[in-house]
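1. Starting from these lines, generate the structure:
(one chain, ligands or ions: 1)
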Amino acid sequence: MVDYSVDRNLAILGINNPPVNALSFHVREGLFNGIKQANADRRVEAIVITGKGKTYCSGADIREFSIPSAGKGLVTLGHRIEDSDKPVISAIHGNALGGGLEIALFSHYRVANKNAKIGFPEVLIGLLPGAEGTIRLPRVTGLAFAMDAIASGRRFDAQEAHKHGILDTICDGDVLQEAKAFSKKIIGQPLDQRRLSKTHVKDAADVDIKFEEALAQIKRKYRGLIAPILCLKSVRNSAKMSFDEAAAEEMRLFGELLTSSQSIGLRYSFFAERSAPKWKLPCGACADNTTPVDVKTTGVIGAGTMGSGIAVCLIRAGIPVILVEKNQKMLDQAIKTISRILTGSVKLNRMTEKQREHSLKLLKGASTLDELAGVDMVIEAVYENLELKREIFHQLDKICKSSTLLCSNTSTLDIDNIASATQRPDKVVGTHFFAPAYIMRLLENVYGTKTSPTTVATVMELGKRIGKICVLVKTCYAFVANRTNQPFGAEASFMVEEGALPQDVDTVLENFGMPMGPFKVSDLSGIDVGWRIRQEVAKALGLKLTLETRYRMGERITTLADRLYEMGRYGIKTGKGWYRYEPTNPRKPIPDPDVAKMIQKHCMDMGIERRNIPAQEVIERCLFSAINESFRVLEQRIAEKPEDIDVIWQYGFSFPRYGGGPMFYASQVGLKKVFEKICIFHEQFPYSSHWVPSDLLRKLASHSTEIPMDKWTQFISSSKL
Ligand SMILES: CCCCCC/C=C/CC(=O)SCCNC(=O)CCNC(=O)[C@H](O)C(C)(C)COP(=O)(O)OP(=O)(O)OC[C@H]1O[C@@H](n2cnc3c(N)ncnc32)[C@H](O)[C@@H]1OP(=O)(O)O
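-> You can find the predicted model right below:
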């Protein structure tokens, strides 16, 4: 785990723990022994710590934080490094993150390659740099930089690190060679001033002002998160206490965070996000054994909001797009919108003007499908109508070259049904983007019965290229995202019908951690959009819709949203929806007494007695209904693993990262308790099929001990596969 070698008068300690050189127990042990050995070796005059392979060191091994002795020994190792009689130089390339940066700060000198990335990302997993990082960094950089870097967790480049004194020198080429050359300048120099524990925070006098400024910013930016605040407090201690006192307090705060539910959730989310792209099909094909085809050119059909957003994603990543729209006015408008979106990116420093111009050159408008004959991939993004989509796919099949992949941005429709309109069902796949497509990170890729592994690999790879978090799911009505979100939204509306007001439900869910409650989201996305979808579904089923009903096809429904539509309240776009919006502040939702009156009248007309709905009920009905549906999705193998569902909720519906997602939340509440509650709701609301308890959940809940999440799918009975 640590390779020890001697090169003339230098001991080289090479951290060798691929893929990221995490500081696992054996690495810490290897470094400790290496420093000891080098100090005892008469040939050695200086010690270089370096990383083998692509990187220096990416910090503590996050998986080890779940075991009781987490991180133990890192501080002891650090003191051994700092106390070394022979100078220790950290030679950094790739990443020096978290505990990796701490090792560098225990060292007496730091040299780095110019492409190195440095930072303390601990806060992103709900922790603080617990091996004296919050005490040492301010001694090097001053308080303002240390507070910002530690509380934000951002990675910064070598130039910035050098500017703030973290690095002694940066080089262009091989960092080990640079460290060797550097050692010649420092061998024999006194070490005491290079030991950070012997130095002071230079701007300690300003600590209170700087703390208050940073705290105000943090509270605005990271609402509800504990770790950024404790990071700031610990940096403040570095200026107010002796080194040893501040370090002891840092260790206490680290321990507090380590066992906090937020950090446990964030650590889960770290690995869940990394597990999602590791797709697997029932036939055995998977990400590791399937090669994607190269997509050089694309077509997007439909220049509405979704089509334009998808085109932005593609051209921004350097992929040419032919945007097909038969309505010339809409096409012109879309091209203007796309240009405006990219201008916005330039203003936000997300791209340069030159990149914007280059991206726009990759966009070509067209009015017929014939223009797509030669492209490698087509993404259809017309409105949600099965017959229309089937007709387009039938035509594309005849027009496009035989290797072209045909993707649909449907959010609900069966991929097999769309694929059967073509002679190439193996090359048909769902690519479900979320609105606004150029902002939302989730891409729900949907395979049908005949979709080939190569097609799957290609859309997963394309998603990664355009910066999306991709999750692969199997086709079914509404897939995983909309299918599991549907009961969540339905229960929110039912509770408004039973006695809550939209703002009550939104507030509870926002306090839970959702950035926006479902009624604010509905106003943002447009009440007319949901109305149109309901009309389409009704048309397809041959149903006549009426406002005066509480049941449709044996299922409980509510017509409250349809009543808003009838009132011309389409949401933000009309200045009125579930809330009202002032022209002076058109994005700020204001509770509207007219809506309350409409709800009360609706309830009276329908004979619904209103009651007080406690906050706990709001959370349980919204989340447990989604959890129950998620277990069914898992049971039917629509999603491969619970982490996939959680990633979908985080990136598709902004579920708080520290909450993990509905499946992780269920694991924390305890499956027995969740199941019992679902059974109670099922009895109470027999006309909502989303409360029929999932078999898989029943099985898991019946065990005397809690089954860990990674074993859940083992309980799916083979007859269900
Ligand atoms: C009582 C005193 C206690 C003192 C305790 C001292 C405290 C120290 C705190 C820390 O150091 S916490 C850790 C800080 N470091 C991080 O948070 C870095 C996290 N990693 C990343 O940001 C990225 O992985 C990366 C390093 C920038 C590399 O990104 P890249 O896209 O190239 O690869 P990934 O797919 O993300 O990762 C590859 C592979 O490695 C696993 N992994 C990455 N980092 C860690 C880690 N720190 N610990 C364990 N495993 C890690 C990752 O999960 C991938 O593996 P998988 O099998 O594919 O999931």
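
2. Could you look up the SS state of residue 644?
-> At residue 644 the chain is in helix, as set by DSSP: H, G, I helix; E, B strand; the rest coil.

3. What residues does it make contact with?
-> Residue 644 makes contact with 275, 276, 471, 472, 473, 480 under the criterion Cβ atoms under 8 Å, 6 or more residues apart in numbering. Placement of C-beta: from N, CA and C, glycine included.

4. let's see 6 Å
-> Going by Cβ atoms under 6 Å, 6 or more residues apart in numbering, residue 644 touches 276, 471.

5. And it, how far from residue 483?
-> Note on residue 644: its distance to residue 483, by Cβ to Cβ, to the nearest Å, is 13 Å.

6. Please identify the residue of the stretch 301-450 of the chain positioned nearest to the ligand.
-> residue 441 (14.6 Å; Cβ to the nearest ligand atom).

7. Correct me if wrong: that residue contacts residue 651.
-> Yes - between residue 441 and residue 651 there is a contact under Cβ atoms under 6 Å: 4.6 Å.

8. These two: which is more packed in?
-> residue 651 (24 against 15; other Cβ atoms under 10 Å).

9. State the pLDDT value of the more buried one.
-> Predicted confidence (pLDDT) at residue 651: the value is 97.

10. which residues touch it?
-> Residues near residue 651 by Cβ under 6 Å, 6+ apart: 441, 442, 469.

11. want to throw those residues into CSV with pLDDT and distance to residue 429?
-> Formatted as CSV, the contacts of residue 651 follow (pLDDT from 0 to 100; distance: Cβ to Cβ, whole Å):
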residue, pLDDT, distance to residue 429
441, 97, 19
442, 98, 16
469, 98, 17
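
12. want to throw those residues into CSV with secondary structure?
-> Shown next, in CSV, are the contacts of residue 651 (three-state DSSP):
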residue, secondary structure
441, coil
442, strand
469, strand
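
13. Looking at those residues, spot the one nearest residue 130.
-> Closest to residue 130 out of these is residue 469 (28.4 Å), distances taken as Cβ to Cβ.

14. which residues does that closest one form a beta bridge with?
-> Beta-bridge partners for residue 469, by DSSP bridges, are residue 442.

15. surely it meets residue 444?
-> No - the criterion here is Cβ under 6 Å, and residue 469 misses it with residue 444 at 9.9 Å.

16. quick one, which of those two is more surrounded?
-> The residue with more neighbours, out of residue 469 and residue 444, is residue 444; 27 against 20, by other Cβ under 10 Å.

17. The more buried one belongs to a strand, doesn't it?
-> Yes - counting by three-state DSSP, residue 444 is part of a strand.

18. list the contacts for it?
-> Taking Cβ under 6 Å, 6+ apart, we find residue 444 in contact with 432, 471, 479, 481.

19. now residue 689
-> Taking Cβ under 6 Å, 6+ apart, we find residue 689 in contact with no residue.

20. distance of it from residue 336?
-> Distance of residue 689 to residue 336, given as Cβ to Cβ: 45 Å.

21. just residue 183 next, same as before
-> Using Cβ to Cβ, we find residue 183 at a distance of 60 Å from residue 336.

22. of these two, who's got more company?
-> More crowded of residue 183 and residue 336, by other Cβ under 10 Å: residue 183, with 21 against 11.

23. Now the helix or strand in which the more buried one is found: buried residues?
-> Assessed by DSSP states H and E, residue 183 sits inside helix 175-186. Neighbour counts over helix 175-186 (16 or more other Cβ atoms under 10 Å) mark 175, 176, 178, 179, 180, 182, 183, 186 as buried.

24. just stretch 40-60 next, same as before
-> In stretch 40-60, counting by 16+ other Cβ under 10 Å, buried: 44-51, 55-60.

25. got it, and stretch 429-442?
-> For stretch 429-442, a neighbour-count test (16+ other Cβ under 10 Å) marks 429, 430, 431, 432, 433, 434, 437, 438, 440, 442 as buried.

26. With stretch 674-682 instead?
-> For stretch 674-682, burial by neighbour count (16+ other Cβ under 10 Å) applies to 674, 675, 677, 678, 679, 681, 682.

27. tell me which of these is nearest to the ligand?
-> For the buried residues of stretch 674-682, the closest approach to the ligand (Cβ to the nearest ligand atom) belongs to residue 674, at 27.1 Å.

28. thinking again about what came up before, need the contact partners of the helix holding residue 183.
-> With Cβ under 6 Å, 6+ apart as the test, helix 175-186 has contacts from 10, 46, 48, 50, 87, 89, 91, 93, 111, 113, 171.

29. near the ligand, which of the buried residues of stretch 40-60 show up?
-> For the ligand, the contacts drawn from those by Cβ under 6 Å from any ligand atom are 58, 59, 60.

30. how near is whichever residue of the stretch 601-721 of the chain sits closest to the ligand to residue 564?
-> Relative to the ligand, the nearest point of the stretch 601-721 of the chain is residue 643 (10.7 Å; Cβ to the nearest ligand atom). The spacing between residue 643 and residue 564, counted by Cβ to Cβ, is 36 Å.
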